[in-house]
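Colleague: I need the structure of the sequence given here:
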Amino acid sequence: MTQDPIDIVVIGAGIIGVSTALALQARGRTPLLIDRAGVAAETSHGNAGAFAFSEVEPLATPGIMRRAPKWLLDPLGPLSIPPSYALKIAPWMLKFWRASWADRYDAAVSAQTRLMQHCQAAFERQLAQFGNPSLIRREGQLELYEGARAFEHARPKWQRRADLGIEVTLLDSADAIADIQPGLSRKFTHAGFTPGWFNTTDPLTWTQTLARAFTDRGGALQVRDIHDLTPRADHIEILSDEGPILARQVVICAGAWSHRLAAKIGDKIPLETERGYNTTFDHASVELRTHLTFAAHGFVMSKIGSGLRIGGAVELGGLDLPPNYRRARVLVQKAKTFLPGLNLSGGSEWMGYRPSLPDSLPVIGPSGAGDRILYAFGHGHLGLTQSAGTAELVADLAMRTNPPIDLAPFSATRF
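Modeller: Numbers count the residues shown, from 1 in each chain. You can find the predicted model right below:
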């Protein structure tokens, strides 16, 4: 018996894939959502839970390559490359270097800003239709600096955000900082506060809530490992560990593993992984009033449920190297110094693979095989933030309607 093709298959049940399946379902499509391990089993499971719509600056900032040699010398620093991975990542680093030039940087900021504006509005639509408002904390974000010199170095970033209409409050004393977050070390003398920033109480619970909305509306979810896909005349043939699947359209939202599937159809996409580390504590020993970002140290502190999560940093180390949990422990030790009232013991360590392109922009658009295969991956540390907006854009493409923003900067062929 010949198998009838499925309407559309979404590969990957992280926050991007789940949101995409919901958006397609809302347009009258019948998506099959597939993941090798289940809902939010990978990077969407343990991130900081932030909807960081003000974060429009790419990782590749002008002049960043002058600091590159330090990355190899400080394996526990906020941005590092394991020496054993340095040669393998060299081609990606060349593209990263080019993305840091002023012309590319400015273009990336502009594209990211337009995407963020769309994503913020899309999130509110998603929350109203499918989400649970009790899972959202609208408590702002405090980005901290040690001394006037460090703050002045970051001032252009804050001015750019203000120029873009993002509400910011700049603080220039430890007392002003304490009014927002008591208990911080007084070495933090300057800060930028973003009141419009908000978090979910738990990114895993948030993604599961959306997945449940999808299945409650009749959506199908299967746990399968996808190995290959091949465009045919009138369908896409997908090879899984449980046999073939035929589909009229496919959306690849497999996070840091997406480029491996893209390569199966001839698309070479320079995807790397920002390996991020964190430690989650079930109970908070201090009252965290807002999301804290320790800018020079590359990590954050956020509330997760009734506890807190300390994590961040960027380790460009691919998918195959073993985790280096010393990085997580260094961040916990710093947090104890920066917030002396913390009493941290135990805790659960975790590492996630953030999918990252050299210019910090995701891939959103058709594959080289045409719009029967669509891409939605490479969001770096902004997957949660951009999930609802990306889902709406992919749904537009799947329905062959014009998306509300120009997607050329997010093309799979831009490199």
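Colleague: Tell me which other helices or strands the lengthiest helix in the chain touches.
Modeller: As assigned by DSSP state H, the longest helix anywhere in the chain is helix 102-129. Judged by 3 or more Cβ pairs under 8 Å, 6 or more residues apart in numbering; DSSP states H and E, the packing partners of helix 102-129 are helix 15-26, helix 86-99, helix 383-398. Heads up, the C-betas are built off the backbone N, CA and C, glycines and all.
Colleague: Give me the buried positions along it.
Modeller: 104-105, 107-109, 111-113, 115-120, 122-123, 126-127 (16 or more other Cβ atoms under 10 Å).
Colleague: what mean pLDDT does stretch 381-393 have?
Modeller: Mean pLDDT, stretch 381-393: 97.
Colleague: ok, now stretch 173-185?
Modeller: 97.
Colleague: mind checking the end-to-end distance for that stretch?
Modeller: 12 Å (Cα to Cα, to the nearest Å).
Colleague: In three-state terms, label R400 for me.
Modeller: coil (DSSP: H, G, I helix; E, B strand; the rest coil).
Colleague: From R212, how far out is it?
Modeller: Distance, R400 to R212, using Cβ to Cβ, to the nearest Å: 29 Å.
Colleague: Over to V363?
Modeller: 28 Å.
Colleague: Could you do A128 as well?
Modeller: From A128 to R212 the distance is 17 Å (Cβ to Cβ).
Colleague: Please save the CA atoms from stretch 192-200 in CSV.
Modeller: Extracted in CSV, the C-alpha atoms of stretch 192-200 (Å, rounded to 0.1, in the frame of the first residue of the first chain):
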residue,chain,number,x,y,z
GLY,A,192,21.6,49.7,32.7
PHE,A,193,18.1,48.7,33.6
THR,A,194,15.7,47.5,30.9
PRO,A,195,12.2,47.5,32.5
GLY,A,196,10.5,45.9,29.5
TRP,A,197,12.6,42.8,29.7
PHE,A,198,10.7,39.7,31.0
ASN,A,199,11.3,36.0,31.8
THR,A,200,9.4,32.8,32.0
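Colleague: Can you mark which positions in that stretch are buried?
Modeller: G192, F193, T194, P195, W197, F198, N199, T200.
Colleague: and if you look at stretch 176-190?
Modeller: Buried, per 16+ other Cβ under 10 Å, within stretch 176-190: I177, I180, Q181, L184, F188, T189, H190.
Colleague: from those, which ones fall inside helices?
Modeller: Filtering the buried residues of stretch 176-190 for helices - DSSP H - leaves I177, I180.
Colleague: For K303, state which of the buried residues of stretch 176-190 is nearest.
Modeller: Q181 (11.9 Å; Cβ to Cβ).
Colleague: ok, back up a step: out of the buried residues of stretch 176-190, who's nearest Q222?
Modeller: Q181 (44.2 Å).
Colleague: That closest one contacts T293, doesn't it?
Modeller: No - the criterion here is Cβ atoms under 8 Å, and Q181 misses it with T293 at 11.2 Å.
Colleague: list residues touching both of these two?
Modeller: L142 (Cβ atoms under 8 Å, 6 or more residues apart in numbering).
Colleague: Tell me the secondary structure at D234.
Modeller: Going by three-state DSSP: D234 is coil.
Colleague: check contacts around it.
Modeller: Counting by Cβ under 8 Å, 6+ apart, the residues that D234 touches are P5, R248.
Colleague: Next up, the contacts around P75.
Modeller: P82, P83, N324, R327.
Colleague: Among those residues, give me the pair with the biggest separation.
Modeller: P83 and R327 (14.8 Å).
Colleague: Give me the more crowded residue out of these two.
Modeller: R327 (25 against 11; other Cβ atoms under 10 Å).
Colleague: Near S134, how many other residues are there?
Modeller: 7.
Colleague: whoops, W97 was the one
Modeller: W97, neighbours per other Cβ under 10 Å, totals 15.
Colleague: And it, what's its pLDDT?
Modeller: Value listed for W97 in the pLDDT field: 93.
Colleague: Once you drop chain neighbours, what's closest to it?
Modeller: Nearest non-adjacent residue to W97, counting by Cβ to Cβ, 6 or more residues apart in numbering: M65, 5.0 Å away.
Colleague: Can you list phi and psi of the one you found for me?
Modeller: phi -70, psi -20 (degrees, to the nearest 10).
Colleague: ok, it touching A99?
Modeller: No - M65 is not in contact with A99 according to Cβ under 8 Å; the separation is 10.4 Å.
Colleague: show me where this structure has helices.
Modeller: Going by DSSP H, the chain shows helices at 15-26, 68-73, 86-99, 102-129, 148-163, 174-180, 203-216, 258-264, 326-338, 383-398.
Colleague: Serialize these to CSV and add fields for distance to D7.
Modeller: Output for those, formatted as CSV (distance: least, Cβ to Cβ, whole Å):
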stretch, distance to D7
helix 15-26, 9
helix 68-73, 46
helix 86-99, 36
helix 102-129, 21
helix 148-163, 41
helix 174-180, 49
helix 203-216, 14
helix 258-264, 19
helix 326-338, 42
helix 383-398, 10
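Colleague: Around T30, count how many other residues there are.
Modeller: Neighbours around T30, by other Cβ under 10 Å: 12.
Colleague: how near is the nearest residue to it once chain neighbours are set aside to G219?
Modeller: Spatially, and ignoring its direct neighbours in sequence, T30 is nearest to D7 (4.2 Å; Cβ to Cβ, 6+ apart). Applying Cβ to Cβ, the value for D7 to G219 is 11 Å.
Colleague: joint contacts of the two?
Modeller: P31.
Colleague: picking that back up, compare the helices and strands packed on helix 102-129 and give me the one nearest K264.
Modeller: Short answer: helix 15-26, nearest of the helices and strands packed on helix 102-129 by Cβ to Cβ, at 17.8 Å.
Colleague: For the closest one, name the packing helices and strands.
Modeller: Secondary elements touching helix 15-26 (3+ Cβ pairs under 8 Å, 6+ apart): strand 6-11, strand 31-35, helix 102-129, helix 203-216, strand 243-252, strand 370-377, helix 383-398.
Colleague: Rebuild the ones you listed as a markdown table, extending it with distance to I236.
Modeller: Below are these laid out as a markdown table (distance: least, Cβ to Cβ, whole Å):
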| stretch | distance to I236 |
| --- | --- |
| strand 6-11 | 8 |
| strand 31-35 | 12 |
| helix 102-129 | 27 |
| helix 203-216 | 21 |
| strand 243-252 | 5 |
| strand 370-377 | 6 |
| helix 383-398 | 13 |
